[in-house]
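> 3D model of this:
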Amino acid sequence: MKNEQMDLVHIKADFPILNREIKPGVPIIYLDSAATSQKPVQVLREMDDFNTNSYANIHRGIHTLAEEATQKYELARNKVSVFIGSPSPKQVIFTRNTTESINLVVQSWGRKNLSSGDLVILTEMEHHSNLVPWQMLAEEKGFRLEFIPVMENGLLDLDVYLDLINLEPKAVGFTHMSNVLGTINPAKEIIQIAHEAGAITIVDGAQSVPHLPVNVQELDADFLAFSGHKMCGPSGIGILYAKKELLQSMPPFLGGGDMIKRVELTSFTANEIPYKFEAGTPAITEAIGLGAAMDYLNSIGMDKIADHEQAIVSYALERLVEVPGVEIYGPEAAKKGAVVSFSMASAHPHDISQILDNQGIAIRAGHHCAMPLHKKLKLPASARASFYLYNSKEEVDQLADSLYSVLDIFGI
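Numbers count the residues shown, from 1 in each chain. As a prediction, this is how the structure comes out:
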């Protein structure tokens, strides 16, 4: 235990923002990493060094700065490829975020392959990013959406999934880990069932890739989307992984510079992958920052991070349930990631969040971009504490103790 605590002290020291006091004498306790994580100094320095010493546009120039920038950008792509177990860096597309990655799949693969009468299966626990793009195209194309239900225990009803799969869907999209319930879905099983029915799979890995070891080849995922800002990297950079044959068959998503080989006045020839899907000047500094974030996470070890978070969330469930009036949503600790969504009798989540903020504790309050799931739970909103590698059991204690302030104010 002593060594674990010493490691955590060193990890926390890597994140300058965690030294901040919200007001004099009130240090920040950051419990909102499911929305966005904080960045270690190793990432900040890498981005600053690039901007200071090597910044230029990529792929287009032959001068020293352009070549250095291109090399660093492509090195970041290689790091992503290794991090998720991709067979080739060419299967890694840089986007702005998970949302854009999923939209790319829907608007490119979906627009080409889906038509009236087709079926796409999603789940009731999806983030809006894996609902709205499908809804938009379904309205245009006339295909149908069906949903795997969420059961009372916070898990997906796979029996219903097996019934739906018999309807021969073209695609199955699902979140690997729920940003509300924390549920870690059995991705490999879901994908295997889909493939046996001839469907392709789209995995929203925004919450899983930062917290768990994820290998796309082991999962056999067709598409995987995630974001840099949830895994100690900068905002404005996301990833779409896809199988090579899918990328090669898909039309470009956006048109413009760098996604072309040749342009005539009335026609163009698309570039090879991955550049076919990276139109215009990309987020170069952010890509390099994401590569540095992956270096940082690898230096600690994704297995160790997952084990640490499992201990934290297990402890959080024990502590929070002790507070009168607290109701916790989602499965048991063994089946969830480091996310605890809860409500308190007579206290709105926004009030809970504001009261905790006065004590330096940052949590999220709202529907967390999952309104259909909250409707299923019969909740207008929920409070959410989410943990990462820099959080401690002592911070969980402070969260639990601070919830008693809510009880005092609202007389619960």
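> Could you tell me how far stretch 162-171 lies from the centre of the chain?
26 Å (CA atoms, centre = their mean, to the nearest Å).
> I'd like the average pLDDT over it.
Mean pLDDT, stretch 162-171: 98.
> Poorly predicted segments of the stretch 301-412 of the chain, please.
Across the stretch 301-412 of the chain, the ranges flagged by pLDDT under 70 are 412.
> Could you report the neighbour count for residue 354?
Residue 354 has 12 neighbouring residues, counting by other CB atoms under 10 Å. Every C-beta, even on glycine, is put in place using the N, C-alpha and C of the backbone.
> Output the lengthiest helix in the chain as PDB, nothing but the C-alphas.
Counting residues, the longest helix found in the chain (DSSP state H) is helix 64-84. C-alpha atoms of helix 64-84 as PDB (Å, rounded to 0.1, in the frame of the first residue of the first chain):
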ATOM      1  CA  THR A  64      13.600  21.400 -42.500                       C
ATOM      2  CA  LEU A  65      10.700  22.500 -40.300                       C
ATOM      3  CA  ALA A  66       8.100  20.900 -42.600                       C
ATOM      4  CA  GLU A  67      10.000  17.600 -42.600                       C
ATOM      5  CA  GLU A  68      10.400  17.700 -38.800                       C
ATOM      6  CA  ALA A  69       6.700  18.400 -38.300                       C
ATOM      7  CA  THR A  70       5.700  15.700 -40.700                       C
ATOM      8  CA  GLN A  71       7.900  13.200 -39.000                       C
ATOM      9  CA  LYS A  72       6.500  14.000 -35.600                       C
ATOM     10  CA  TYR A  73       2.900  13.900 -36.800                       C
ATOM     11  CA  GLU A  74       3.400  10.500 -38.400                       C
ATOM     12  CA  LEU A  75       5.300   9.200 -35.400                       C
ATOM     13  CA  ALA A  76       2.200  10.100 -33.300                       C
ATOM     14  CA  ARG A  77       0.100   8.100 -35.700                       C
ATOM     15  CA  ASN A  78       2.400   5.100 -35.200                       C
ATOM     16  CA  LYS A  79       2.100   5.500 -31.400                       C
ATOM     17  CA  VAL A  80      -1.700   5.400 -31.700                       C
ATOM     18  CA  SER A  81      -1.400   2.300 -33.900                       C
ATOM     19  CA  VAL A  82       0.700   0.500 -31.400                       C
ATOM     20  CA  PHE A  83      -1.400   1.600 -28.500                       C
ATOM     21  CA  ILE A  84      -4.600   0.000 -29.800                       C
END
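> Show me what it is packed up against.
When contacts are defined as 3 or more CB pairs under 8 Å, 6 or more residues apart in numbering; DSSP states H and E, helix 64-84 sits against strand 92-95, strand 238-242, helix 284-300.
> Please name whichever of these is nearest to residue 39.
Comparing those against residue 39 with CB to CB, the closest turns out to be helix 284-300 (7.3 Å).
> Assign the residue lying farthest from the centre of the chain to helix, strand or coil.
Most distant residue from the mean C-alpha position of the chain: residue 265, 40.1 Å away (CA atoms, centre = their mean). Three-state call for residue 265 (DSSP: H, G, I helix; E, B strand; the rest coil): coil.
> end-to-end on stretch 327-345?
8 Å (CA to CA, to the nearest Å).
> What residues sit buried inside it?
By neighbour count on 16 or more other CB atoms under 10 Å, the buried set for stretch 327-345 is 328-331, 333, 335-344.
> now swap in stretch 72-82 and tell me
Neighbour counts using 16+ other CB under 10 Å place 72, 73, 74, 76, 77, 79, 80, 81 of stretch 72-82 among the buried residues.
> now, among the residues you listed, which is nearest to residue 52?
Nearest to residue 52 among these, with distances taken as CB to CB, is residue 72, at 12.8 Å.
> now the closest one: how far from residue 287?
Remark: distance between residue 72 and residue 287 (CB to CB, to the nearest Å) = 8 Å.
> Also residue 84?
15 Å.
> more crowded one of these two?
When residue 84 and residue 287 are compared for neighbours, residue 287 comes out ahead with 28 against 23, by other CB under 10 Å.
> could you list every residue that touches the more buried one?
Residues in contact with residue 287 (CB atoms under 8 Å, 6 or more residues apart in numbering) are 73, 76, 77, 94, 237.
> wait, residue 363 sits on residue 351?
No. Applying CB atoms under 8 Å as the test, residue 363 and residue 351 come out as separate, 11.9 Å apart.
> higher neighbour count, the two?
Taking neighbours as other CB under 10 Å, residue 363 and residue 351 compare with residue 363 leading, 24 against 16.
> Quick check: that one vs residue 322, distance?
17 Å.
> quick one: which two of the buried residues of stretch 327-345 are the most distant?
335 and 344 (23.7 Å).
> measure the closest residue to residue 144 other than its chain neighbours to residue 36 for me?
Spatially, and ignoring its direct neighbours in sequence, residue 144 is nearest to residue 119 (5.0 Å; CB to CB, 6 or more residues apart in numbering). Residue 119 is 34 Å from residue 36, where distance means CB to CB.
> Same check on residue 393?
23 Å.
> These two - which one has more neighbours?
residue 36 (18 against 15).
> In contact with that one: list those residues for me.
Shown in contact with residue 36 (CB under 8 Å, 6+ apart): 229, 230, 235.
> and it, backbone torsions?
Phi and psi for residue 36, reported as degrees, to the nearest 10, are phi -170, psi 140.
> Do you know the pLDDT at it?
98.
> Who wins on neighbours among the contacts of residue 36?
Neighbour max across these (other CB under 10 Å) = residue 230, 27 neighbours.
> does that one really touch residue 207, like I thought?
Yes. Contact criterion CB under 8 Å: residue 230 and residue 207 qualify, at 7.1 Å.
> Identify the contacts common to the two.
Common contacts of residue 230 and residue 207 (CB under 8 Å, 6+ apart): residue 34.
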